[in-house]
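A.B. asks: pasting a predicted model and its sequence here:
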Amino acid sequence: MNIRLNDQTLQVACEAPLTLGGLLDDLRARGAIAADEVVVDIRVDGLDWNAQDLEARKEDALPQGSDVVIATDDSRGYGRRILTDAAGMVDILQEAARTVAHALREETPEQANADLFMMLDAVQRLLVCLHQIQNTYGLKRGLTAGPEPLLNGISEALQEMQACQESQDWPALAESVENRLAPALQGVGRVVQTMKDEL
């Protein structure tokens, strides 16, 4: 089996079929992967084995003679990677807010309302992720920092949007998405950059 770990070639001898978890445990036991390092990318024979699914895939067998490429990062580097992805997600959500607001003003408000529900679910997951990053790394600046936390503005926008949804006031909902939620998301983008700078 050919192993490349952070661009360094390693030799792993094994008689029995080796699992992904077994390989990573062996590399950690040998000190090739340090205790504070996180696996951020795995490729087996050129195919991406999503590093985010490591726990679920640890019992997956690695084919004999396969080429395995592993990339790791230290804990803070991993946090910065997550925040980089979060910044990209903020951009996508801002564009989605503009699209939903436009659709709410057109002839398809019911479909736009369903799209809004999915967008708000993504916003919630993003905020939970940022809160976890702030707590994990003990960041002083983040979603809950400052005299008027950004979360209050988002919460107020969501309450306003909920009232519009309940009354099926689609034009007012479009205004709320465009003029309350989108600016709040822009604020989230600034917070993400601030967190990344502190990390």
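C.D. replies: Noted; the coordinates are in hand. Numbering: from 1, shown residues only.
A.B. asks: following the helix or strand of the chain with the lowest mean pLDDT, which helix or strand comes up?
C.D. replies: Within the chain, judged by mean pLDDT, DSSP states H and E, the helix or strand with the poorest mean is helix 54-57; its value is a mean of 82. Counting by DSSP states H and E, the element after helix 54-57 in chain order, helix or strand, is strand 61-62.
A.B. asks: show me what that following strand is packed against.
C.D. replies: Packing contacts for strand 61-62, counted by 3 or more CB pairs under 8 Å, 6 or more residues apart in numbering; DSSP states H and E, involve strand 18-19. (Glycine included, C-beta is placed from N, CA and C.)
A.B. asks: contacts for the strand it packs on, please.
C.D. replies: Residues external to strand 18-19 that are found in contact with it (CB atoms under 8 Å, 6 or more residues apart in numbering): Met1, Val12, Lys58, Glu59, Asp60, Ala61, Leu62.
A.B. asks: neighbours of the second one, how many?
C.D. replies: It stands for Val12. Val12 sits with 16 neighbouring residues when counted by other CB atoms under 10 Å.
A.B. asks: what's the pLDDT at it?
C.D. replies: Turning to Val12, the model gives it a pLDDT of 70.
A.B. asks: try Pro17
C.D. replies: Looking at Pro17, the pLDDT reads 68.
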